[in-house]
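Undergrad: structure, please.
(2 chains)
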Number of protein chains: 2
Amino acid sequence: MTKDQPLDEFALIARIFAPLAAGDPNAFGLLDDAAIIAPRPGEDLVVKTDGLVAGVHFFAGDPPDAIAQKLLRVNLSDLAAKGARPHGYVLTAAFPQDVSLAWLEGFAAGLKADQAEFGLHLLGGDTMATPGPLTLSLTALGHVPQGTMIRRAGAKPGDAIYVTGTVGDAGLGLASLKKEALGLSEADTVFVRERYLRPRPRLSFGQALRGLAHAALDVSDGVIADLQHLADVSAVRARLELAALPLSPAAARWAGGGSDRLLRLAAAGDDYEILFAAPPEAASRLVAKAARSATAIARIGTVEAGAGVEVRGPDGRALPAGRGGYRHF
Amino acid sequence: MTKDQPLDEFALIARIFAPLAAGDPNAFGLLDDAAIIAPRPGEDLVVKTDGLVAGVHFFAGDPPDAIAQKLLRVNLSDLAAKGARPHGYVLTAAFPQDVSLAWLEGFAAGLKADQAEFGLHLLGGDTMATPGPLTLSLTALGHVPQGTMIRRAGAKPGDAIYVTGTVGDAGLGLASLKKEALGLSEADTVFVRERYLRPRPRLSFGQALRGLAHAALDVSDGVIADLQHLADVSAVRARLELAALPLSPAAARWAGGGSDRLLRLAAAGDDYEILFAAPPEAASRLVAKAARSATAIARIGTVEAGAGVEVRGPDGRALPAGRGGYRHF
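TA: Purely as a prediction, here's the structure:
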């Protein structure tokens, strides 16, 4: 706390965090040691935790509401890919000593807006002081009908591979924030930075994928690396067609159809779209469900027998994978 | 990672953390994006999160197994005070770059031993690198029969106030680790430091308190401060008899019956015992349940109508509360 705005932990919780818990009586206004989740009959609880460190996962100077929303959304993105409906979250935050009340209020405002948009509440938390960088951890909890969580394992040879939204924008946004000269217009720069800053969890479409997708995960490490994860645990081979990657106008302008640049977009992380495998006969239902949740989907490849990831360039030929696969891009 | 022991995040998870998740098939070997908890019919899930920062909540040079166990146990202590049976936990850890494989193995060994002792499994997690101090966050999940979680609110005038175990040891341990000259023998020093380092969550007795205790919480801020929390949310007044504080032989030798020293023990935190209020007619059942779970309990005060905490010295007279209550001790 800065000296002119002293808040002890109890005042901090009462003023900043308790209002975020007011919507769920089982959070007890953050005045108890724990919260309750009363499970609905016939539902499984889905649990995910992910953290962020200033200077590693975000820039310390990012707007506090955007930091809060990124923290919440990277977790909601996993719930989305698993087909879960959000229920609530708990949060631990290690704040540097000089955090201001205005910063904390911005952080809480970001959470408040997302709670309203995505339909969940704060259930509990712990605030700490740290001599190090702002360090955040969030555990998100959601529900699925019993036995319906969409796994990473389960992709089958013959399945089509799809991704929601567009790919590579967040990677360009991060590169731009790191001052790499990308040659983007001002408007495109704003767009890709925003995509990096505030991912959009595909919650409604993710729930529509239950019973349709054989396997799914969210794109955090990049399409190629995440396809590798899906292929590994499903014990299959994934073939990716670079030419089929769905690109935003900004990313398309940047790539210009070049194979190297498409590969870089496919290797870029932080998109938080849903990557999934579904049988060919599900195609028309997928298109209908995507339309109903206003989510673009694109078929980007095919599951085959075997292992690993094969990337085909715009000319249809397999690209050579470097040492360590495509991860070095 | 140190350069001679390079482990990327995936190797780290596979080698260090996945074995801790092997006991619960719904953790999917940490190979999926999320874990499942399949609720048992008629049970509520109890959720608690708490974090630790090196140099703030523990000493960076503490043994890694003790750090891991403190992290887990401060959360299990809350589950205990709520009457919950542990189910599982998720973990985020921001490791400094120079963490060694041996340190990580020690950390995992601490968790493994506690998982076996307290009956729960790792369900998921996130490991990160940080330029700052080791920063840990853990979310513990447990169960109670529906509607039976023991709240902080609920203490009633006439209730007796009890605490488990002994009080003030951890505070002496911390003072000793901070090189305060306490005049303790070597054996007493070892004892109080171990009490600070490795709290004992009272899980079995906590579950026995369901239906008997009107209100409970764990002693983390100190008996007086935590009594204040209990009194506040229960809208009652708590009277504490210093002479009734249960002391270890080490703490008793240090206190020597002096009112100032007793007050300091009552104000010291980190004991992680259960502080609870129960009606007088529950006394004999409480004693029987305490015996069955090999847990000492001591009656240390009484709930009255009113607000705040009154502390009575060994002579039976109320001690004056300083500005800000007794917290300044």
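Undergrad: CA only for contacts and neighbour counts going forward, please
TA: Will do.
Undergrad: tell me which stretches of the stretch 151-300 of chain A form strands.
TA: Remark: strands assigned in the stretch 151-300 of chain A by DSSP state E, counting those that start in this stretch are A:160-164, A:215-218, A:237-241, A:274-278, A:297-304.
Undergrad: got a list of contacts for the shortest one?
TA: Meaning strand A:215-218. Identification of contacts with strand A:215-218 by C-alpha atoms under 8 Å, 6 or more residues apart in numbering or on different chains yields A:77-78, A:80-82, A:150-155, A:226, A:230, A:272-278, B:33.
Undergrad: ok, A:Leu182 - how many residues close by?
TA: Residue neighbour count, defined by other C-alpha atoms under 10 Å in any protein chain shown, stands at 12 for A:Leu182.
Undergrad: next structured bit after the helix or strand bottoming out on mean pLDDT in chain A?
TA: In chain A, no helix or strand scores lower on mean pLDDT, DSSP states H and E than helix A:9-12, which sits at a mean of 85. Reading on from helix A:9-12 to the C-terminus, the next helix or strand found by DSSP states H and E is helix A:18-21.
Undergrad: which other helices and strands contact the helix or strand following that following helix?
TA: Past helix A:18-21, further along toward the C-terminus, the next helix or strand under DSSP H and E is strand A:35-37. The contact analysis (3 or more C-alpha pairs under 8 Å, 6 or more residues apart in numbering or on different chains; DSSP states H and E) places strand A:35-37 against strand B:43-53.
Undergrad: and the helix or strand just after the strand it packs on, how far out from the chain's middle?
TA: Tracing the chain past strand B:43-53, the next element assigned as helix or strand by DSSP H and E is helix B:64-81. Mean-position distance between helix B:64-81 and its chain equals 6 Å (C-alpha atoms, centre = their mean, to the nearest Å).
Undergrad: what does stretch A:46-63 give?
TA: The answer for stretch A:46-63 is 11 Å, by C-alpha atoms, centre = their mean.
Undergrad: repeat that for stretch A:259-274.
TA: On C-alpha atoms, centre = their mean, the centre of stretch A:259-274 falls 14 Å from that of its chain.
Undergrad: then it to CSV, C-alphas only?
TA: The C-alpha coordinates for stretch A:259-274 follow below in CSV (Å, rounded to 0.1, in the frame of the first residue of the first chain):
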residue,chain,number,x,y,z
SER,A,259,4.7,-20.0,-45.9
ASP,A,260,7.2,-18.8,-43.2
ARG,A,261,4.9,-16.2,-41.9
LEU,A,262,1.9,-18.6,-41.8
LEU,A,263,4.1,-21.0,-39.9
ARG,A,264,4.9,-18.3,-37.4
LEU,A,265,1.2,-17.5,-36.9
ALA,A,266,0.6,-21.3,-36.3
ALA,A,267,3.4,-21.4,-33.8
ALA,A,268,2.3,-18.3,-31.9
GLY,A,269,0.7,-18.7,-28.5
ASP,A,270,-1.9,-16.8,-26.4
ASP,A,271,-4.8,-17.0,-28.8
TYR,A,272,-7.1,-18.8,-26.4
GLU,A,273,-9.2,-20.2,-29.1
ILE,A,274,-10.6,-23.7,-29.0
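Undergrad: what about it, near chain B?
TA: No: Stretch A:259-274 stays clear of chain B (C-alpha under 8 Å from any C-alpha of the partner chain), getting no nearer than 11.8 Å.
Undergrad: mean confidence score for that stretch?
TA: For stretch A:259-274, mean pLDDT is 95.
Undergrad: tell me which residues in it are buried?
TA: By neighbour count on 16 or more other C-alpha atoms under 10 Å in any protein chain shown, the buried set for stretch A:259-274 is A:259, A:261-274.
Undergrad: closest to A:Ala283 among the residues you listed?
TA: Nearest to A:Ala283 out of the buried residues of stretch A:259-274 is A:Ile274 (C-alpha to C-alpha; 15.9 Å).
Undergrad: what's the closest one in contact with, if anything?
TA: A:Ser77, A:Ala80, A:Ala81, A:Val163, A:Thr164, A:Arg202, A:Gly206, A:Ala216, A:Leu217, A:Asp218, A:Val219.
Undergrad: for the third one, which residues are in contact?
TA: Counting by C-alpha under 8 Å, 6+ apart, A:Ala81 makes contact with A:Ile150, A:Arg202, A:Leu203, A:Gly206, A:Ala216, A:Leu217, A:Asp218, A:Ile274, A:Leu275.
Undergrad: measure it to B:Leu275 for me?
TA: According to C-alpha to C-alpha, to the nearest Å, A:Ala81 stands 42 Å off from B:Leu275.
Undergrad: how far away is A:Val74 from A:Phe58?
TA: A:Val74 is 12 Å from A:Phe58, by C-alpha to C-alpha.
Undergrad: between the two, who's got more neighbours?
TA: Higher neighbour count among A:Val74 and A:Phe58: A:Val74, with 28 against 17, using other C-alpha under 10 Å.
Undergrad: from what I can see that one touches A:Gly269, true?
TA: No: look at A:Val74 against A:Gly269 with C-alpha atoms under 8 Å: they stay out of range, at 11.9 Å.
Undergrad: quick check: the residue of the stretch 51-200 of chain A nearest chain B.
TA: A:Gly132 (4.3 Å; C-alpha to the nearest C-alpha).
Undergrad: how about that residue, secondary structure?
TA: For A:Gly132, the assignment made with DSSP: H, G, I helix; E, B strand; the rest coil gives coil.
Undergrad: same check on the one 5 residues further on?
TA: Judged by three-state DSSP, the three-state class of A:Ser137 is strand.
Undergrad: and it, how many neighbours does it have?
TA: 31.
Undergrad: just checking, it touches A:Asn75?
TA: No: with contact defined as C-alpha under 8 Å, A:Ser137 does not count as touching A:Asn75 (9.9 Å).
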